[in-house]
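K.L.:
predicted model follows, preceded by the sequence.
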Amino acid sequence: MKSKFLMFLTLTLILCGMVFGLYWKYIRSSEYPVFIESFDHGVLTVDSTETTGKDNKYKLFWDKDEIITVNINPERTANSYYNLDKLIVNGEDVTDQVSMLQYRTPVTSKMTILAYFKKGKAPTATKENVVTGAAKVPVISKYYDNAYVGAYAAYDVEDPAIIRDEKSGYFYCFGSDNVVIKSKDLVNWSGRTTYFKTPENANTNAIMDFSQFESVKKWAKDHGYDDYLAVSDSNSDRTPLAPEVVKIGNVYYLYFSLSKQAGANESAIFVVKSNDLAKSVSEKKWVDGGMVICSCGRHSGTEKVTDAQGNRTEQAVTAQYDAVNAVHPSLYYDGSGLYMVYGGYQGSTDITGGIYLLELDAATGLIKSGSSINTAGDTIGTIHGSDARTSGTLLARPGKAPASGQGGSSIISAATIQYNKNTGYYYLFTTYGVDDTNYNIRVSRSESITGPYTDFKGNSMIEASANQYDRGYMLIGGYNFTSSSKGCVAYTDTGRASVGSPYIIAISNGGWLMASQSQLYYKVDKNIVTGSVIAEKEGITVNTEPSLEIRELAWDDTGWPIAMPEIYSGRSASKDVNQDDLYGIWDVLVFDSSADKKDYRAVARSVSQRLSLFKDAVISAKDIANNKPLNTAGALKKDGDVYKITVDGVEYKLYPRFMWDWELKQGSLILTGIGADGSTIWGKKNFSSTTGMYTDAFYYLYDMSDEGTKAEVDAKVATVSANPAQSHIDILSQAMIKRIIAAQKEK
């Protein structure tokens, strides 16, 4: 027995050795490890990877015989200016081969790159050097003091609904799972508490006490619960969901939904009332207003149906799911009419789902009888002999669900409506995607509150398409400004993920703010981290729960809303931007709702690219990567109050602003706008005087220049050696652009 075991072990080891040998010879040997170390205020990066480190050591793998470019990025700020001292590659000093803070070399086995830096002084402008004529950097501090401090977000707040209590002066933000917070300025939030009771000694939100509301008790009894809706398993969803609050006269109406179980449309929407909002929140006392509407999941039996002559008859109903899911109420009150938009579900053969509109009675807060809006809907199944109900008017529906393994269900939910008197349109803001995965906010509009609602391209929101994500103009989704992290973190936290559940707030100056939920966007080893479970697995100690965020909305010249890339700071974004301010290096990203995505989970995860914006040309990272001709036709132009630019073949209308950058804690110049194809563009300008990561555009231009231009550039490069300022590169690049354009015209 022992000899057989030894023989088996020997054969196993031989087989493993053969497999390992084949792997090393044919697969592993095609890649070389590259060790990168940086010390003393330096950041060293390698192109074509997502690895960036400060005072760290990294091991990368590169294909055999590949030419790599090493970008050296010394720290250069107003208070400290570092230059490259030495670059050591495989033990050899190659500093004299560094040009414009780049070093190019074929990769070799076990390559080690080591950079050293020393403190120096920033170059001064003279008539003799290439710094002369550098673009003037706008003084952002006059708009935003860099010492400004404000709250970034209120964590663990989902499905926000915000209203100002005129008596106390506080804004109250109600959220799912019985959470409410308050603020004086919509920036700093505090006073976290609940708005409904929880039983004594019960975990917060684990068991809800609805005993004070007869309408909820009846619904609970009909569905097999007692007054306390205990959460018995992870699929149950028995805390108040997606609350909404509206004030009519002196009465506050608080709407909320309850669902028997996540993943089914057995749900109901209720309303409770208060004459004193602050007191009702503090004392957890509300007046029951009744059940507004319910959907009862899969049902069968007999129902009373109205025929063409108006007669009510009992008819047998085949087992089916209701088309609507009674969740996510959102109210619109124009001073006379009260309307509720609600619903949402996944597209499938049994549950079609969609967003619906009901007209309510402003005196009761319940469904208004006789309304044509309500009678236009489908019959909703009921239970226990209740009369059949109507879903109301269909406004939008989801597209076709994706194939298995491509990102879950096709879901549309969490919608809200607002009217803009300046444009004459009603705007339907809708959430697409899956919570904690790829939530994103889409917009459509109509001249009537009942629709039809169409998107930027004129597509109807009720015509389900083969692609679940090609309906609606994507206002915002998950995003990541990759270059804005300054290379100082192993993961990237300069963005948000899963942005959804929009709520519109009209402010005193006539503008709009949009509240929504989102999560921190963490990227670890190319994997997007949004959930706390994954974060813990990766060893990241952060709060990744959904949080409240508020952004300003502006309007383009055709009446479509555009969102600001930065979180609302309490100060209006300044429009005092000059065209010269826009030239330089930008970190830009695009939200494209019509992008062809094989995996729908990635549809709302927009990652930025670098954009070099010169006076006569625009150079994108994609242009450089694909070695495309110089883009001069799409250079920055001003048309009235709108700037226009072409990026990757798409013309965009740009609306630049000075704003406060929450991620970097400093004033910043941003841009937002809409492309001719309906995509949204966002950007942040990089004002750093460092150059290491931004010399690609310079070499892109150098490679396409004629020999005479190259000789002139070489002579000027020699004067700045390996340590240019950003202004050196800007001026040299612009000079090459002019020569390239002139050469093209001669041809």
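P.N.:
Arrived safely, thanks for sending.
K.L.:
so residue 479 sits against residue 682, correct?
P.N.:
Yes: in this structure, residue 479 is within contact of residue 682 by C-beta atoms under 8 Å, at 7.0 Å. For glycine as for every other residue, the C-beta is placed from the backbone atoms N, C-alpha and C.
K.L.:
now do the shared contacts for these two.
P.N.:
Taking C-beta atoms under 8 Å, 6 or more residues apart in numbering as the criterion, residue 479 and residue 682 both touch 589, 591, 608.
K.L.:
of those, which one scores lowest on pLDDT?
P.N.:
Lowest-confidence member of the shared contacts of residue 479 and residue 682: residue 608, scoring 77 (pLDDT).
K.L.:
so that one touches residue 481, yeah?
P.N.:
Yes: if you go by C-beta under 8 Å, residue 608 and residue 481 touch, sitting 4.9 Å apart.
K.L.:
which stretches of the stretch 501-650 of the chain form helices?
P.N.:
Counting by DSSP state H, counting those that start in this stretch, one finds helices in the stretch 501-650 of the chain at the ranges 532-537, 621-625.
K.L.:
ok, of these, where does mean pLDDT dip lowest?
P.N.:
That would be helix 532-537, which, of all the helices of the stretch 501-650 of the chain, carries the lowest mean pLDDT at a mean of 44.
K.L.:
give me the pLDDT for residue 350.
P.N.:
Confidence score, pLDDT, at residue 350: 48.
K.L.:
repeat for the one 3 residues further on
P.N.:
Per-residue confidence at residue 353 stands at 74 (pLDDT).
K.L.:
just the one 10 residues further on next, same as before
P.N.:
According to the prediction, residue 363 has pLDDT 94.
K.L.:
quick check: it vs residue 106, distance?
P.N.:
Residue 363 is 80 Å from residue 106, where distance means C-beta to C-beta, to the nearest Å.
K.L.:
swap in residue 168?
P.N.:
Counting by C-beta to C-beta, the gap between residue 168 and residue 106 amounts to 69 Å.
K.L.:
show me which of those two is the more surrounded one.
P.N.:
Neighbour comparison, residue 168 and residue 106: the larger count goes to residue 168, with 15 against 12 (by other C-beta atoms under 10 Å).
K.L.:
what's the average pLDDT for stretch 222-235?
P.N.:
Stretch 222-235 comes out with an average pLDDT of 53.
K.L.:
going forward, the N-terminal residue is numbered 2.
P.N.:
In the new count, where the first residue is 2, that last one comes out as stretch 223-236.
K.L.:
sorry, back to before: and the shared contacts of residue 480 and residue 683, which are buried?
P.N.:
For the shared contacts of residue 480 and residue 683, a burial check counting by 16 or more other C-beta atoms under 10 Å picks out 590, 592, 609.
K.L.:
redo the residues you listed as TSV? Include distance to residue 342.
P.N.:
Output for those, formatted as TSV (distance: C-beta to C-beta, whole Å):
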residue	distance to residue 342
590	30
592	23
609	33
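K.L.:
returning to what we had before: tell me which of the shared contacts of residue 480 and residue 683 fall in strands.
P.N.:
Within these, residues falling in strands by DSSP state E are 590, 592.
K.L.:
closest one of the shared contacts of residue 480 and residue 683 to residue 96?
P.N.:
Of all these, residue 96 sits closest to residue 609, with 31.8 Å by C-beta to C-beta.
K.L.:
what's the spacing between the closest residue to the closest one other than its chain neighbours and residue 607?
P.N.:
Spatial nearest neighbour of residue 609, excluding adjacent residues (C-beta to C-beta, 6 or more residues apart in numbering): residue 590 at 4.0 Å. Going from residue 590 to residue 607 by C-beta to C-beta gives 4 Å.
K.L.:
what's the answer for residue 743, then?
P.N.:
For residue 743, the distance to residue 607 (C-beta to C-beta) stands at 37 Å.
K.L.:
so between these two, which is more surrounded?
P.N.:
A direct count of neighbours by other C-beta under 10 Å for residue 743 and residue 607 places residue 607 higher, at 26 against 11.
K.L.:
tell me, how many residues neighbour residue 462?
P.N.:
26.
K.L.:
ok, it - contacts?
P.N.:
With contact set as C-beta under 8 Å, 6+ apart, residue 462 has these partners: 356, 396-398, 429, 431, 445, 452-456, 472-473.
K.L.:
bridged to the nearest residue to it once chain neighbours are set aside, which residues?
P.N.:
Excluding its sequence neighbours, the residue lying closest to residue 462 (C-beta to C-beta, 6+ apart) is residue 397, at 3.7 Å. Counting by DSSP bridges, residue 397 is bridged to residue 356.
K.L.:
for residue 397, give me its contacts.
P.N.:
355, 356, 413, 416, 429, 431, 445, 454, 462, 463, 472, 473.
K.L.:
domain assignment for the protein?
P.N.:
Residue ranges for the domains of the chain, per automatic domain parsing: 33-135, 198-398.
K.L.:
span of the last one from start to end?
P.N.:
Using C-alpha to C-alpha, to the nearest Å, the end-to-end distance of domain 198-398 comes to 35 Å.
K.L.:
cool, stretch 358-375 as well?
P.N.:
With C-alpha to C-alpha as the measure, stretch 358-375 spans 8 Å from end to end.
K.L.:
pull out the buried residues from that stretch.
P.N.:
The neighbour-count check on stretch 358-375 (16+ other C-beta under 10 Å) flags 358, 359, 360, 361, 363, 366, 367, 368, 369, 372, 374, 375 as buried.
K.L.:
stretch 572-583 now?
P.N.:
Judged by neighbour count (16+ other C-beta under 10 Å), stretch 572-583 contains these buried residues: 574, 575, 578, 582, 583.
K.L.:
ok, stretch 715-734 next?
P.N.:
718, 721, 723-734.
K.L.:
okay, these in TSV with pLDDT next?
P.N.:
Converted to TSV, the buried residues of stretch 715-734 look like this (pLDDT from 0 to 100):
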residue	pLDDT
718	81
721	70
723	68
724	74
725	76
726	72
727	71
728	73
729	77
730	81
731	82
732	83
733	87
734	89
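K.L.:
for residue 103, state which of those residues is nearest.
P.N.:
Of all those, residue 723 has the smallest distance to residue 103: 8.7 Å, by C-beta to C-beta.
K.L.:
coming back round to it: quickly list what's touching both of residue 590 and residue 607.
P.N.:
Here residue 590 and residue 607 have 480, 481 as joint contacts, going by C-beta under 8 Å, 6+ apart.
K.L.:
so, low pLDDT: which residues of the stretch 302-451 of the chain?
P.N.:
302-322, 346-353, 382-389, 400-411, 436-438 (pLDDT under 70).
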